[in-house]
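J.: Based on what follows, work out the 3D shape:
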Amino acid sequence: MFTATLIAADRLAEGDVSAAADRLATAGCTVARQDWIERGVAADLRFEGDAAAARAALEGGFARTDVVVQPSEGRAKRLLVADMDSTMITVECIDELADYAGIKAEVAEVTERAMRGELDFEGALDARVALLAGLGEDAIERCLAERVTIMPGARALVRTMRARGAATVLVSGGFTRFAEPVAREIGFDRAIANRLLVAGGALTGRVAKPIVGAATKEETLRSAATERGLTLAETLAVGDGANDLPMVRAAGLGVAYHAKPVVAAAAAARIEHGDLTALLYAQGIARADWVVEE
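T.: Sure thing, here's the model as predicted:
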């Protein structure tokens, strides 16, 4: 049995849910039941049939509505591993840090290409950090205070999952000086990220090795699951860039969040319209049961 969840960024009507059932039937699926998770916002359709065909039939069929299709059993996940930049926060920290050095456009272009999978992530990170050599260390705290904004829904997602017994890990190809305070503010159990090297009150233009990249993200997911005696089916991973792809593919529910095309095309689920609370609805958790953001 599978569940298709419709999650509207605006409003979901009764007619939309009925239309979704019709689309599933046309795709050769047998709908067993329809339930609101949150009336007017999110609804479940339980069905038997081909999950890939169901997803193809539903995605793009309803205005500003995301669709998640997954096995009905085990949809409430017990481990969350999440990317930070452009996923749990609204910016790419290295691009914003580069702005304090007057080279944001140059660095952001490389970041965009790396996140699209057009450049080797580790090499691209080294090249971008090298451009920051000599930037005063105080720019890190200024950037954190002035530029870093938590993504809508992040606190509710993480705090609700933790309250329900899930472990939560923030793993970033960015930097510890941003990831650690962001993780504390959102409510993650821990954070893993790269360490910028500083000497004499200024960035040296180097990052400590080994670099936290795609392989580290996948290994974090796998090792955190093993440590807790979980199967990968019990895990949720979310990210937006090419370096998130291995962990997104490995997770029981791998989500591309407002992602680059290469990630959106490969992920088991795409959230393109809603905020991060869509991942609570995807687990069947209604708003009344969220740990509300402070």
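J.: does the closest residue to T26 other than its chain neighbours sit in a helix, a strand or a coil?
T.: Excluding its sequence neighbours, the residue lying closest to T26 (Cβ to Cβ, 6 or more residues apart in numbering) is A57, at 6.6 Å. For glycine as for every other residue, the C-beta is placed from the backbone atoms N, C-alpha and C. Under DSSP: H, G, I helix; E, B strand; the rest coil, A57 falls in the helix class.
J.: quick one, strands of the stretch 151-294 of the chain?
T.: Per DSSP state E, counting those that start in this stretch, the stretch 151-294 of the chain carries strands over the ranges 167-175, 190-194, 196-199, 202-207, 235-239, 253-257, 269-271.
J.: any chance of those in JSON lines, plus distance to A154, mean pLDDT and mean neighbour count?
T.: Shown next, in JSON lines, are these (distance: least, Cβ to Cβ, whole Å; pLDDT from 0 to 100; neighbours: other Cβ atoms under 10 Å):
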{"stretch": "strand 167-175", "distance to A154": "10", "mean pLDDT": "98", "mean neighbour count": "25"}
{"stretch": "strand 190-194", "distance to A154": "13", "mean pLDDT": "98", "mean neighbour count": "21"}
{"stretch": "strand 196-199", "distance to A154": "23", "mean pLDDT": "98", "mean neighbour count": "15"}
{"stretch": "strand 202-207", "distance to A154": "25", "mean pLDDT": "98", "mean neighbour count": "18"}
{"stretch": "strand 235-239", "distance to A154": "10", "mean pLDDT": "98", "mean neighbour count": "29"}
{"stretch": "strand 253-257", "distance to A154": "10", "mean pLDDT": "98", "mean neighbour count": "26"}
{"stretch": "strand 269-271", "distance to A154": "13", "mean pLDDT": "97", "mean neighbour count": "24"}
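J.: With distance to G134 added, can I get these in a markdown table?
T.: Below are these laid out as a markdown table (distance: least, Cβ to Cβ, whole Å):
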| stretch | distance to G134 |
| --- | --- |
| strand 167-175 | 17 |
| strand 190-194 | 19 |
| strand 196-199 | 10 |
| strand 202-207 | 5 |
| strand 235-239 | 31 |
| strand 253-257 | 34 |
| strand 269-271 | 39 |
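J.: Enumerate every residue touching the residue nearest to T26.
T.: The contact partners of A57, by Cβ atoms under 8 Å, 6 or more residues apart in numbering, come to R23, L24, T26, A27, C29.
J.: still on that earlier bit, looking at the strands of the stretch 151-294 of the chain, which is closest to Y281?
T.: strand 269-271 (10.0 Å; Cβ to Cβ).
J.: picking up where we left off before, and the buried ones among the contacts of A57, selectable in PyMOL?
T.: Of those, the buried ones can be selected in PyMOL as follows, counting by 16 or more other Cβ atoms under 10 Å:
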select buried, resi 23+24+27+29
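J.: mind listing which of the contacts of A57 are in helices?
T.: R23, L24, T26 (DSSP state H).
J.: rewinding a little: what separation is there between the residue nearest to T26 and Q34?
T.: 15 Å (Cβ to Cβ, to the nearest Å).
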